[in-house]
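Student: model this:
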Amino acid sequence: MDDPGEGPGPSAREALEQLLLDGPRRYTRLQVAEMAGMASQRTQRLWRALGFPDAADDDPAFTDADVAALGVLSELIDSGFVDAATEASIARAMGQALSRLADWQADMLADALMRTGPDGERRPASPEEAVAVAQALLPRMRDIQSYVWRRHLAANADRLLAVSAGQGDRRVLAVGFADLVGYTSRSRGMGGRELGAMVEDFESTATEVIARHRGRVVKTVGDGVLFTVASPGDAAEIGLLLPEAWDTEERPPLRVGAAYGTVLTRLGDVYSPVVNLASRLTSLARPGAVLVDRDLADRLRDHPGYRVRPLRRVSVRGYDHLQPWLVRRRPTGDDAPAAPDAYDEDSFDDEG
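Tutor: Okay, the predicted model is just below:
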């Protein structure tokens, strides 16, 4: 039996690894490449793209599951579903997304392995208990991951059908950034747990508001979130609701910028001058405000729920005389005052 004072022993680690890897480590990198019928340089490139460190040529670091996975990849390439020229890019995108998921799940499992003793103190479970918990939880986690993946794929069914219409991976979307103002200076004075809680609250709030209005979170980066949405009205609603939902005295304020146009969607990310423009508008926005470009403003101009006003033109990196437009809610009554914001009339351009 493993000594609990020394941490999990070899038998517990091996049991957990075999559970996760569907078998013991028994093959070297070169053996796996030979069994899968692939060049060793190619398998190494894919391994790195997935985010894993190199294994020595004589290190039996791989399992039957690794051989099977390479075999499936070969079948996908032979069928034409995966292009050999882009296989590393696909591996990199999958590795980055799933690495973050695994990191979060490891923390969740570690918390689940803590036990409360008779004195009220929380202590780690024994190695045997850890393996038992993993055996019980991992199949359920795998099932829910498969379900969420299939639901997200179903939500993108329009993109699958768009190929037959010649649209491919180019779509007309609103792209938005939401950014925490003063995050860097505020985070310096926070402990790790406090900072982690704030980031979690921010991502949770942003995800809920964006999903509620038919948007998609493309990615989050600490103090910001990048999202896309098809409808200009939904883009405005997300932009206005995010600062409202996030606003408390204890939190740094939020600002939002959005732009509208054609974007390239690739491997879960979006690329376009529209993305850069939304980023620039976000950096110009004052706390609590939503700035948009002319194309999005034009589509909101006659919307009954919103008002758009042009601000003074500014020059920023990549854009000379950029015209930001401020989005606010339209007053509901004839005599209702406009919603307060950080801009006065001197901020507005004469145009519009």
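Student: Val275 - how many residues pack around it?
Tutor: Using other CB atoms under 10 Å, Val275 is surrounded by 21 other residues. Yep, even glycine has a C-beta here, placed from its N, CA and C like the rest.
Student: How is the closest residue to it other than its chain neighbours assigned, secondary-structure-wise?
Tutor: In space, and not counting its chain neighbours, Val275 is closest to Val175: 5.2 Å by CB to CB, 6 or more residues apart in numbering. Look at Val175: counting by DSSP: H, G, I helix; E, B strand; the rest coil, its state is strand.
Student: Go ahead and confirm Thr63 touches Leu20.
Tutor: No - Thr63 lies out of contact with Leu20 (CB atoms under 8 Å); the separation is 9.6 Å.
Student: which one of the two has more residues nearby?
Tutor: Between Thr63 and Leu20, Thr63 has the larger neighbour count (other CB under 10 Å), namely 20 against 13.
Student: distance of that one from Ile77?
Tutor: As judged by CB to CB, to the nearest Å, Thr63 and Ile77 stand 22 Å apart.
Student: Could you check the pLDDT of Ala157?
Tutor: According to the prediction, Ala157 has pLDDT 69.
Student: I should have written Arg251 there, sorry.
Tutor: For Arg251, the predicted pLDDT is 87.
Student: Ok, Leu70 next?
Tutor: Here the pLDDT value assigned to Leu70 is 85.
Student: So which residues of the stretch 1-150 of the chain form helices?
Tutor: Ranges of helices in the stretch 1-150 of the chain, per DSSP state H, counting those that start in this stretch, are 10-21, 29-36, 40-49, 64-79, 87-112, 127-155.
Student: what's the second one in contact with?
Tutor: Right, the one you point to is helix 29-36. 27, 39-40, 42-44, 47, 55-57, 59, 61-62, 66-67, 70-71, 74 (CB atoms under 8 Å, 6 or more residues apart in numbering).
Student: Could you pick out the buried ones from these?
Tutor: Buried by 16 or more other CB atoms under 10 Å: Tyr27, Arg42, Thr43, Gln44, Trp47, Ala55, Ala61, Phe62, Asp66, Val67, Leu70, out of the contacts of helix 29-36.
Student: for those residues, which one is nearest Pro310?
Tutor: Closest approach to Pro310 among the buried ones among the contacts of helix 29-36 (CB to CB): Trp47, at 52.3 Å.
Student: how near is the closest one to Ala65?
Tutor: Using CB to CB, one obtains 14 Å as the distance from Trp47 to Ala65.
Student: repeat for Ser79
Tutor: 21 Å.
Student: Asp269 too?
Tutor: For Asp269, the distance to Ala65 (CB to CB) stands at 28 Å.
Student: now swap in Asp293 and tell me
Tutor: Separation of Asp293 from Ala65 (CB to CB): 48 Å.
Student: Tell me which of the two has more neighbours.
Tutor: Shown here are Asp293 and Ala65; by other CB under 10 Å, Asp293 has more neighbours (24 against 12).
Student: I figured the more buried one hits Tyr260, correct?
Tutor: Yes - the pair Asp293 / Tyr260 is scored as a contact, 6.6 Å apart, by CB under 8 Å.
Student: Mutual contacts of these two, please.
Tutor: The overlap between the contact sets of Asp293 and Tyr260 (CB under 8 Å, 6+ apart) is empty.
Student: Past the strand ranked longest in the chain, which element shows up next along the chain?
Tutor: The strand that spans the most residues within the chain, counting by DSSP state E, is strand 254-266. Tracing the chain C-terminally past strand 254-266 and defining elements by DSSP states H and E, one meets strand 269-271 next.
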